[in-house]
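Trainee: sharing a sequence plus its predicted fold:
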Amino acid sequence: MHGGAEAVAHLLKQSPHRSWRLAGQAMAMPPLNWTARLVYRAVAMNGHRLPGATAACSLPAHLRPATRDGA
């Protein structure tokens, strides 16, 4: 089972389009996988702020993971 950026890379590797498969393969290799994890986490933490987001994208405060700055 995959989660986070690893799941995205796995899904991309299953694409019928060669360019997406290559992107998935690249995302699975260091150092791109480190960057992919950071980007995935940033998007996951801020999804409710992105264009097209709805109130359903925002987790209640008690379900949000703790961050280093305490926010």
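Mentor: Happy to help now that I have it.
Trainee: in the protein, which helix is the longest?
Mentor: helix 32-46 (DSSP state H).
Trainee: buried ones in that helix, by neighbour count?
Mentor: Residues of helix 32-46 classed as buried by neighbour count (16 or more other CB atoms under 10 Å): 32, 36, 40. Every residue, glycine included, has its C-beta placed from N, CA and C.
Trainee: so what touches it?
Mentor: Residues outside helix 32-46 that contact it (CB atoms under 8 Å, 6 or more residues apart in numbering): 4, 5, 6, 8, 9, 26, 27, 50, 65, 67.
Trainee: spatially, which two of these are the most separated?
Mentor: 26 and 67 (28.0 Å; CB to CB).
Trainee: which ones are touching residue 12?
Mentor: 20, 21, 23, 24, 27.
Trainee: ok, now residue 26?
Mentor: residue 32 are the contacts of residue 26 under CB under 8 Å, 6+ apart.
Trainee: just the helices in the protein please.
Mentor: Secondary structure of the chain by DSSP H: the helices cover 4-13, 18-27, 32-46.
Trainee: can you pull out the low-pLDDT segments for the chain?
Mentor: By pLDDT under 70, the low-scoring segments of the chain are 65-71.
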